[in-house]
Each structure stands twice: as C-alpha cells, then as structure tokens.
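A.B. asks: Pasting a predicted model and its sequence here:
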Amino acid sequence: MVANKLLTLAFVKTPTNILLGYKKRGFGMGRWNGFGGKVEVGETIDGAAKRELMEESGLVANTLHKIGILMFEFVGDPQLMEVHVFTTNEWKGTITESDEMRPEWFPIESIPYKKMWTDDQFWFPYMLNARPFYGYFTFEGMHKIVYHRLDSVNDLGLVEIPQQPRQPVI
Ligand SMILES: CNc1ncnc2c1ncn2[C@@H]1O[C@H](COP(=O)(O)OP(=O)(O)OP(=O)(O)O)[C@@H](O)[C@H]1O
C-alpha cells in the first residue's frame, strides 16, 4: 500500500466570474483548471493551497473555504490522488502569469469544460453553489472516466478518505 498523493486545488470567484489557469506544463498540461499542486512535507493542506495559489496566480488569499474532497484513481496505478478543493471570494495582489499557469477570468455561464479535466463538469456545479462535496473518479488514461460517484456532504471532516484503489491493481 502506498500513501495517497496529497494535492490542493483553489478557485477564486465572484458571484459571476471564476479565475481559471491554463496549465502550460506538467500534469494536466493544455487544460484549464484551478490553482494547486502537491502538499509539501511540513506543510498544512490549507497552507499548501495558499502557497500554490500565490505561485500560480500571483494572488494572496487570507481565507480559503474548503468545499470538496476529490479522489482520483488511474487504472493500473496503486496510488490514489487526494485533492482538497477550496474557494475564496476575497483576495489581494495582482493576477500574474507564471511559467506554469496563464490565469484568465471566465463568466460562470461560459466555463470551458471541453478544455478541462473530464471530471470537472460533474463537481463544478457543487463548488460554484458552495455545496460541500466528495467525489471519487476512476480514469482509464487521461480522458475516460470508467467509474464515478459524487455526494453532497454535510461535514467534510467526516469523509472517510480511501487509502487504496477500489479495484485491486493486478
Ligand atoms: C484527474 N482529474 C483532475 N481533475 C481536476 N484537477 C486535477 C485532476 N488531477 C489533478 N488535478 C489538479 O491538477 C494540479 C496538478 O498540479 P501539479 O501538482 O502542479 O502538477 P505537476 O506535476 O505539474 O507538479 P509540480 O508543479 O511539478 O509540483 C493540482 O492542482 C491538482 O489538484
């Protein structure tokens, strides 16, 4: 058994718009997403989310609201990705493009789902409506979802986080 890969994903939004970043390199390259990355040793998840948001967008958020937990399984990979999703509606600083991300505001009614991870269209409505959620997605390759479940939850602190793939890796 291997420990989950811990990741963060943060969204800056107003009632009408959301800031997304175009991933220029690395995992998820060529797709629009929130800002995030790996939680480093000695960091809290919340601290990592703020750091990644700053590094990738130039923005500083004093408060991030935890809104979801996403699990990603890639068929054949024994390590699960455990993604902690946050939102904020108050920030400081200037939007800045980095080597990794090109930030851009999108109206909520024209989010570019076709140019995003295929799971996003499932859970974005929960995130946009501030409804806490838990999701589990099994991918075959980088596009095809072969299993998913998505639940609204009352208390994210009570979610039982799986530590291994649903299907044993043969
Ligand atoms: C499978 N379906 C998915 N749907 C939506 N979002 C997904 C995702 N899978 C990963 N993510 C997010 O993508 C970022 C990876 O970023 P990140 O760790 O920076 O990747 P990368 O390999 O480039 O790391 P380094 O920058 O080298 O540390 C990180 O926010 C993570 O939450």
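C.D. replies: Sure thing, it's come through.

A.B. asks: which helices and strands sit right next to the lengthiest helix in the chain?
C.D. replies: When the chain is parsed with DSSP state H, its longest helix is helix 45-57. Judged by 3 or more Cβ pairs under 8 Å, 6 or more residues apart in numbering; DSSP states H and E, helix 45-57 is in contact with strand 5-13, strand 17-23, strand 59-60, strand 81-88, strand 101-107. C-beta coordinates here come from the backbone N, C-alpha and C atoms, glycine included.

A.B. asks: Next, the angle strand 101-107 makes with the first one.
C.D. replies: Okay, so that is strand 5-13. Note on geometry: by axes from the mean of the first three to the mean of the last three Cα atoms, to 10 degrees, strand 5-13 and strand 101-107 are set 50 degrees apart in direction.

A.B. asks: What residues of strand 5-13 count as buried?
C.D. replies: Across strand 5-13, burial judged by 16 or more other Cβ atoms under 10 Å covers L7, T8, L9, A10, F11, V12, K13.

A.B. asks: first vs last residue of stretch 2-21, how far apart are they?
C.D. replies: Taking Cα to Cα, to the nearest Å, the first and last residues of stretch 2-21 lie 30 Å apart.

A.B. asks: residues from the chain in reach of the ligand?
C.D. replies: Listed as neighbours of the ligand in the chain under the rule Cβ under 6 Å from any ligand atom: 7, 9, 26-28, 33, 36-38, 72, 81, 83, 100, 117, 119-120, 139.

A.B. asks: Quick check, pLDDT for G47.
C.D. replies: Turning to G47, the model gives it a pLDDT of 98.

A.B. asks: any idea how far F35 is from the closest residue to D46 other than its chain neighbours?
C.D. replies: Spatial nearest neighbour of D46, chain neighbours left out: L64 (6.2 Å); criterion: Cβ to Cβ, 6 or more residues apart in numbering. According to Cβ to Cβ, to the nearest Å, L64 stands 11 Å off from F35.
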